[in-house]
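Participant: Below are the sequence and a predicted model; questions follow.
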Amino acid sequence: MGGSDTGSGAGRAKRRQFLHGALATALLGPSLAACAERPPAPLATANGRSIVLGPEPGFDPAAPPRDWFRSPSQGASGFRVVELSGVPVLCIDAPGGTLLGRRIATSLLAAPYLHIGWYLDPALYRGGTGDGLPRGLRVVVGFKGGTPRGMQLVDHVFTGDLPGHDRTIEFRFAGLGGNRIEDSTIEFAALSDRGMKNVLRGPALGQAGRWHLEALDLTAIYGGFWPRDRRAQVDIAFVAVGALRHQLPPALTAGGKPVASGYVAEILLTR
């Protein structure tokens, strides 16, 4: 994850090559807390691409650098940097609930496209239905400004340990567990903080166990949820990642080892 605001061009190129190679192989294979005391540092941008989450070598999720946060602040870590094919990626453990994120201040119209590279661990979906809640990964994007005059959004200012915001969209890549991994169906959806849902990719088999590269038009998705907002005045306030909260079946926890929900290799904002 972008542990610093400067990452080597070679490192970025290697990560993109790894993601596209992993995706091609998979496709060919089997089926306010409080207002910030100071503004966040600008994202490093090259060729219109800004790295939000990496991770870069040396990034420590347990002691992240400036502008990073955990919500809830006292929540269990559940995040590890591991290497896959020589590329550092963020491993996110189940059962989740905690978010690891980065405060930013970027105009929505200046960086309207969100790119996510993520992978769901197939083992997460074995062991039965558990508590019946979906298992998987989520990326939460917070927004500030642009709301119609007279709206009362005080409840959002005091939401957990998240940075101050007016709106959030949660991108959720998840599904229910079952007795057999291959029977699990997983969908990709966007959810507003008011509970509205936009299914971006319907439930399908065979989604776990391979890399997925998403390219999302934030302005269009935002406008679908809040058509009256003035998007030219909206800023992206933060981007956070985590696993969904759920109760794992005993079959998955018997060994006492961490159970991975999946991995995130990169999150970018582009124009």
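Facilitator: Received it, and whenever you're ready, just let me know what you need.
Participant: hmm, which helix or strand of the chain has the shakiest average pLDDT?
Facilitator: helix 154-157 (a mean of 48; mean pLDDT, DSSP states H and E).
Participant: hey, C-alpha coordinates of the helix or strand that that helix is followed by in CSV?
Facilitator: Remark: after helix 154-157, the chain's next helix or strand is strand 167-175, criterion DSSP states H and E. The C-alpha trace of strand 167-175 is given here as CSV (Å, rounded to 0.1, in the frame of the first residue of the first chain):
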residue,chain,number,x,y,z
ARG,A,167,-21.3,10.7,1.9
THR,A,168,-19.7,7.2,1.5
ILE,A,169,-19.9,4.5,-1.1
GLU,A,170,-18.9,1.0,-0.2
PHE,A,171,-17.7,-1.3,-3.0
ARG,A,172,-18.3,-4.8,-1.9
PHE,A,173,-17.0,-8.0,-3.5
ALA,A,174,-18.5,-10.8,-1.6
GLY,A,175,-20.8,-13.8,-1.3
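Participant: by contact count, what packs against the next helix or strand after strand 167-175?
Facilitator: Beyond strand 167-175 on the C-terminal side, the first helix or strand identified by DSSP H and E is strand 186-192. When contacts are defined as 3 or more C-beta pairs under 8 Å, 6 or more residues apart in numbering; DSSP states H and E, strand 186-192 packs onto strand 167-175, strand 197-204, strand 211-217, helix 218-225. All C-beta spots, glycine's among them, are computed from the backbone N, C-alpha and C.
Participant: now the angle from the last one to strand 186-192?
Facilitator: Helix 218-225 runs at 70 degrees relative to strand 186-192, counting by axes from the mean of the first three to the mean of the last three C-alpha atoms, to 10 degrees.
Participant: Kindly report the same for the longest one.
Facilitator: Using the same axes, to 10 degrees, one finds that strand 167-175 and strand 186-192 are set 170 degrees apart in direction.
Participant: For strand 167-175, enumerate the helices and strands it packs against.
Facilitator: By 3+ C-beta pairs under 8 Å, 6+ apart, strand 167-175 packs against strand 113-120, strand 135-144, strand 186-192, strand 211-217, helix 218-225.
Participant: how about CSV for these, with mean pLDDT, distance to residue 199 and mean neighbour count added?
Facilitator: Shown next, in CSV, are the helices and strands packed on strand 167-175 (pLDDT from 0 to 100; distance: least, C-beta to C-beta, whole Å; neighbours: other C-beta atoms under 10 Å):
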stretch, mean pLDDT, distance to residue 199, mean neighbour count
strand 113-120, 96, 16, 22
strand 135-144, 96, 14, 25
strand 186-192, 97, 5, 19
strand 211-217, 96, 13, 17
helix 218-225, 98, 12, 17
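Participant: nearest to residue 42, of those?
Facilitator: strand 135-144 (16.4 Å; C-beta to C-beta).
Participant: low-scoring pLDDT stretches of this protein, where are they?
Facilitator: Residues of the chain meeting the criterion pLDDT under 70: 1-11, 20-37, 75-76, 149-160.
Participant: need the longest strand for it.
Facilitator: Ranked by residue count and defined by DSSP state E, the top strand of the chain is strand 259-270.
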